[in-house]
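Colleague: Sequence first, then the predicted structure, then my questions.
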Amino acid sequence: MILYIKYMVSLRCKMVVKEELKNLGLHYVVVDLGMIEILEDLSLSQFNELKLNLATSGLELLDDKRAILIEKIKSVIVEMVHYTEEVPKTNYSNYISEKLHLDYNYLSSIFSEVKGITIQQFIIIHKIERVKELLLYDELNLTEISQILDYSSVAHLSNQFKKITGLTPSYFKKMKLKRTQNLENIN
């Protein structure tokens, strides 16, 4: 049986889900971002108990087909941007469509209708979050970051970053340094 979970976007979330399944005596085949596959069929009471237990951790067990599809789209994007070494060089629409085995226009239409933003806007938001994360790690320069995230240039990355955050990447990085220095000066 396959179940879909909203807000399941990190390894910590996967650990929480595995623990809840174990507590209920359920055996999983796969626990992935936004999705779990268990061996057993759930009774209504087990489903409701799992839903309630997950809710206490900020996760939501889904039962609406449109909500499930939206979570699938979001999971593909989060995995693509945050958990791969490099963003795929293929067209995002093709990548998402291939991963979900559905027509991109259909996916895009439902996503925009439900979320109020386009899939492309959602991807950009997540790419900028990834840029912020990589800037804070301070291991890569902007050129390397732009290549990893498949930006056409550093200028393109910088323009999107400023549009989303209101800051330039270099100013964002300087703010991190100032925060670190301020924390070091606290006695």
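Modeller: Received, thanks.
Colleague: quick check: domain ranges of this protein?
Modeller: Domain segmentation of the chain under automatic domain parsing yields 1-63, 122-184.
Colleague: show me the contacts for the residue nearest to the spatial centre of the chain.
Modeller: The chain has Val78 as the residue nearest its centroid, 2.8 Å off, counting by C-alpha atoms, centre = their mean. By C-beta atoms under 8 Å, 6 or more residues apart in numbering, Val78 lies in contact with Val9, Leu33, Gly34, His126. The C-beta positions use only the backbone N, C-alpha and C, and glycine is treated the same way.
Colleague: in terms of contact, does the last one touch Val81 like I think?
Modeller: Yes: assessed by C-beta atoms under 8 Å, His126 is found in contact with Val81 at 4.4 Å.
Colleague: Touching the helix or strand hosting Glu144 from outside, list them.
Modeller: Glu144 belongs to helix 142-148 when assigned by DSSP states H and E. Helix 142-148 is contacted by residues 85-87, 131, 134-135, 140, 153-154, 156-158, 169-170 when judged by C-beta under 8 Å, 6+ apart.
Colleague: Could you list the buried residues of it?
Modeller: Leu142, Ile145, Ser146, Ile148 (16 or more other C-beta atoms under 10 Å).
Colleague: picking that back up, out of the domains of the chain, which is closest to Ile96?
Modeller: Comparison of the domains of the chain against Ile96 by C-beta to C-beta identifies domain 122-184 as nearest, at 8.9 Å.
Colleague: Please identify the buried residues of stretch 73-84?
Modeller: Ile73, Lys74, Ser75, Val76, Ile77, Val78, Met80, Val81, His82.
Colleague: got CSV for the buried residues of helix 142-148, with distance to Lys174 and pLDDT too?
Modeller: Shown next, in CSV, are these (distance: C-beta to C-beta, whole Å; pLDDT from 0 to 100):
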residue, distance to Lys174, pLDDT
Leu142, 13, 92
Ile145, 16, 92
Ser146, 19, 92
Ile148, 22, 89
